[in-house]
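1. Kindly return the folded structure for what I paste below:
(one chain, ligands or ions: 3)
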Amino acid sequence: MFSALWDGRSNQPHRAAALTDKEPDNPLHNAERDFVALGIAAASIILLIGTGGSVVPQTIQAMLGYGDKPDMVLANALLLNVALIIFGWRRYRELTREIAERRRAEARAQVLASTDPLTGCLNRRAMFGETEAIRTRAAQRGEAVAYCMIDLDNFKQINDMHGHVHGDAVLVMLCERIRALLPREARLARLGGDEFAFVMPFPAGHPERIDDLAIRLFESFAEPIQLPEVTIDVTLSIGIAADHEPDGTIGLVVDASTLMHRADMALYHAKKQGRNRYFWFEPSMESELRFRHSLETGIRRGLSRGEFLPFYEQQIDVETGALVGFEMLARWRSPDFGLVSPDVFVPVAEEIGLISEMSERLMERAFADAREWHDSLTLSINISPVQLRDPWFAQRLLKMLVAANFPPRRLEIEITESCLHENIGLVRSMITSLRNQGVQIALDDFGTGYSSLEQLRNLPFDRIKIDRSFVAELREPSNRSHIVEAIVSLGRGLDLPLTAEGVEDEDILMALKRMGRLKAQGYLYGLPEDADAVRARLREAGQLVEQAGESAPSPIAVVGDAHRRQRGAQS
Ligand code: C2E
Ligand code: CA
Ligand code: CA
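-> Ligands and ions are numbered 1, 2, ... in the order given. Below is the predicted model of the structure:
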């Protein structure tokens, strides 16, 4: 691989080339001077031949005793000539040695400038030139070129869990495994961190060659990486772009940077699709990325303009039909996209680090809204796993409750099972301190993640929410869902109250009623609505604080009718 190092075809300067001939230390400059010395020596040789022709025979004859002594000036000139020739020759030899040494040093500098020191692969800068070079060669032979970007999934976790030494070892092994599968003419580079890329020619019209290679890469990584003390499982995501269409026609790609950018987009797509997979670049990915970019800017702007608002979904006691509280569901009223669902913007806000700020602003508004509701009505709020990574989360939440003068006992926070994989110790202490202040904790979307019975038993949850995908099964003609039944009996066994989500019709409600005491929420009771609509609903039911005054009415009283009326209006 080193033999094929970057040869300066790219227009990027490197250190060796940056030394100019004018620098006094540069031996090439010395060399110029020494070529003068060599010139003098050459002149001396000519002189030697000229003077030597008469002086040498004269000297020999004088020594043999039958001739005149040579002219002393000529004899001295001859000796000087000889000295000059010897001096010139030695200087010339030194010079050639010096130049050879310098060439070796330059080659070493080039290697360093173009290689990644950890893995010995090319580095990002060198890869650009290599890609151009491979493209030029391939074009001459009528071949296509594929550029593949490889990214290790969850490398940060590997580093955090096993330390940087092991992290580095994983990168080295990764590089070796990739290299072992690549054909001779491929070039492999580490672009930085856990990102690698290789570029290679392939017969135009045969993208399956690259597919095969990608599949072999995945197969090779199915085997865990064995290090002296640990065994580490790794998975990869790969994005591929080629300069030819799959049918072999020449694509519109014109340069290496377009190819690299496209492979990058395909890699991003592979990550988004759930990692551990590969994708070829497709033009739609470009528009997807543009959309994503506009979402990001929209979210940033929307946050400062207060475009995020809380909607509320009713929670009903199945047995009595009474309204018992609301789950707050975020909405984005965007001037560009209309009313946007949290399924779209929450993951983006999480990725760009804005989820905490967004959630806290929403909570402030929700606490203010809920303070107007009857004191018996609870408020449930969804908390992202990202927020739970913040060790100060519990403290900030409690501070907000105090500032809003909202009683903690009326608040329930919903966390999903995915929160439990991260830092179970931190989550436990957070849950405990919130519960000590009276906040209730619900485990949301139960059954869709991987929480173990052990975690359910050991973490102090106050409630389990049965995911709506299971509840939907109750609509089947049999009106039975083994999963819902199992979760209900699990809840009973652990003494945990349950909420069923996604109750969409009377059939489901009837089935739930047979299962005993539960809370329910879903479109049967109406769609989530904004603060004004909730206020109107509660006013009608006599459940606003301003109306309730001293003797607040029982929340159970009117709501059954209210939601039935509401359903009537919907249908
Ligand atoms: P979730 O916590 O499971 O919320 C329930 C979702 O189901 C809501 O979708 C709700 O509109 C929808 N839904 C309610 N009843 C029914 C029904 O009968 N049938 C069906 N098919 N769906 C129903 P939404 O509002 O789009 O929220 C989606 C998810 O976004 C929520 O799922 C929650 O995980 C997340 N989310 C919402 N607000 C926030 C927030 O403020 N912060 C965070 N971190 N996540 C939020
Ligand atoms: Ca929820
Ligand atoms: Ca849920």
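
2. List the residues that contact the residue in the stretch 251-400 of the chain positioned nearest to ligand 3.
-> Closest approach between the stretch 251-400 of the chain and ligand 3, counting by Cβ to the ion: Asn382, at 7.7 Å. For the C-beta atoms, the positions are set from N, CA and C on the backbone; glycine is no exception. Asn382 sits next to 327-330, 342, 413-414, 444 when contact means Cβ atoms under 8 Å, 6 or more residues apart in numbering.

3. Quick check: the gap between the residue in the stretch 201-350 of the chain that ligand 2 sits nearest to and Leu411.
-> Proximity of the stretch 201-350 of the chain to ligand 2 (Cβ to the ion) peaks at Glu327, 5.7 Å away. Using Cβ to Cβ, to the nearest Å, Glu327 is found at 12 Å from Leu411.

4. so what sits against both of the two?
-> Counting by Cβ under 8 Å, 6+ apart, the shared contacts of Glu327 and Leu411 are 380-381.

5. Following element in sequence after the helix or strand where Arg103 lies, please.
-> For Arg103, the host element (DSSP states H and E) is helix 72-114. Under the assignment DSSP H and E, the closest C-terminal helix or strand after helix 72-114 is strand 122-123.

6. Which pLDDT value belongs to Ala349?
-> The per-residue pLDDT reported for Ala349 equals 97.

7. tell me the secondary structure for it?
-> What DSSP: H, G, I helix; E, B strand; the rest coil gives for Ala349 is helix.

8. pretty sure it contacts Ile299?
-> Yes - in this structure, Ala349 is within contact of Ile299 by Cβ atoms under 8 Å, at 5.7 Å.

9. And those two? Which one has more around it.
-> Neighbour totals were compared for Ala349 and Ile299, and Ala349 leads with 27 against 23 (other Cβ atoms under 10 Å).

10. Not counting its neighbours along the chain, what's nearest that one?
-> Spatially, and ignoring its direct neighbours in sequence, Ala349 is nearest to Ile355 (4.4 Å; Cβ to Cβ, 6 or more residues apart in numbering).

11. before we move on, what about Leu47?
-> For Leu47, the closest residue by Cβ to Cβ, 6+ apart turns out to be Asn81, at 5.2 Å.

12. ok, how many other residues are close to Ile508?
-> 25.

13. Report the buried residues of the one helix or strand it maps to.
-> Secondary structure from DSSP H and E places Ile508 in helix 506-513. Within helix 506-513, the residues scored as buried using 16 or more other Cβ atoms under 10 Å are 508-509, 511-512.

14. surely Gly516 meets Val488?
-> Yes - in this structure, Gly516 is within contact of Val488 by Cβ under 8 Å, at 7.2 Å.

15. Could you check the pLDDT of the residue sitting furthest away from the middle of the chain?
-> Going by Cα atoms, centre = their mean, the residue of the chain most distant from its centre is Tyr66, 97.4 Å out. Note on Tyr66: pLDDT of 82.

16. which residues sit in contact with it?
-> Residues in contact with Tyr66 (Cβ under 8 Å, 6+ apart): none are found.

17. So it, which state does it fall into?
-> Under three-state DSSP, Tyr66 comes out as coil.

18. From Gly53, how far out is it?
-> Where Gly53 is concerned, Tyr66 sits at a distance of 19 Å (Cβ to Cβ).

19. cool, Glu229 as well?
-> Glu229 is 82 Å from Gly53, where distance means Cβ to Cβ.

20. repeat for Phe470
-> Between Phe470 and Gly53 the computed distance is 112 Å (Cβ to Cβ).

21. what's the domain layout of the protein?
-> 2-114, 124-291, 307-570 (automatic domain parsing).

22. per-residue confidence averaged over the second one?
-> So that's domain 124-291. Averaging pLDDT along domain 124-291 gives 93.

23. Could you shift the numbering so residue one becomes 14, and keep it that way?
-> Okay, residue one is now 14; in that scheme the one you just asked about reads as domain 137-304.

24. Over to that domain now: how far is its first residue from its last?
-> 28 Å (Cα to Cα, to the nearest Å).

25. tell me how far it is from the chain's mean position?
-> 14 Å (Cα atoms, centre = their mean, to the nearest Å).

26. How about stretch 535-546?
-> Relative to the chain's own centre, stretch 535-546 is displaced by 37 Å; criterion: Cα atoms, centre = their mean.

27. Let's see it as CSV, backbone CA atoms only.
-> In CSV, the C-alpha atoms belonging to stretch 535-546 read as follows (Å, rounded to 0.1, in the frame of the first residue of the first chain):
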residue,chain,number,x,y,z
GLY,A,535,-57.0,7.0,22.6
TYR,A,536,-59.0,8.4,19.7
LEU,A,537,-62.2,7.0,21.1
TYR,A,538,-62.1,9.9,23.5
GLY,A,539,-61.0,12.4,20.9
LEU,A,540,-57.9,13.5,19.3
PRO,A,541,-55.2,15.4,21.2
GLU,A,542,-56.2,19.1,21.4
ASP,A,543,-54.6,22.4,22.3
ALA,A,544,-54.8,24.3,25.6
ASP,A,545,-57.8,26.3,24.5
ALA,A,546,-59.9,23.3,23.5
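
28. Of Phe483 and Gly66, which one has the most company?
-> Each of Phe483 and Gly66 has its neighbours counted (other Cβ under 10 Å); Phe483 has more, 22 against 9.

29. which residues touch the closest residue in space to the more buried one that isn't next to it in sequence?
-> Leaving aside its sequence neighbours, Phe483 sits nearest to Ile496 (Cβ to Cβ, 6+ apart; 4.6 Å). Residues near Ile496 by Cβ under 8 Å, 6+ apart: 460, 483, 486.

30. Check the stretch 64-213 of the chain for the residue nearest ligand 3 and tell me.
-> For the stretch 64-213 of the chain, Cβ to the ion, closest residue to ligand 3: Asn167, 25.2 Å.

31. Compute the number of surrounding residues for that residue.
-> Residues near Asn167, counting by other Cβ under 10 Å, number 15.

32. same deal with Thr128?
-> Neighbour count for Thr128, taken as other Cβ under 10 Å: 20.

33. can you check the one 10 residues further on too?
-> A count of neighbours around Arg138, defined by other Cβ under 10 Å, yields 16.

34. Ok, Lys532 next?
-> Number of residues near Lys532 (other Cβ under 10 Å) recorded here: 23.

35. what bridges to it?
-> Counting by DSSP bridges, Lys532 is bridged to Asp330, Thr512.

36. partners of the residue of the stretch 264-413 of the chain closest to ligand 3 in the sheet?
-> Bridge pairing for Asn395 - DSSP bridges - gives Glu427.
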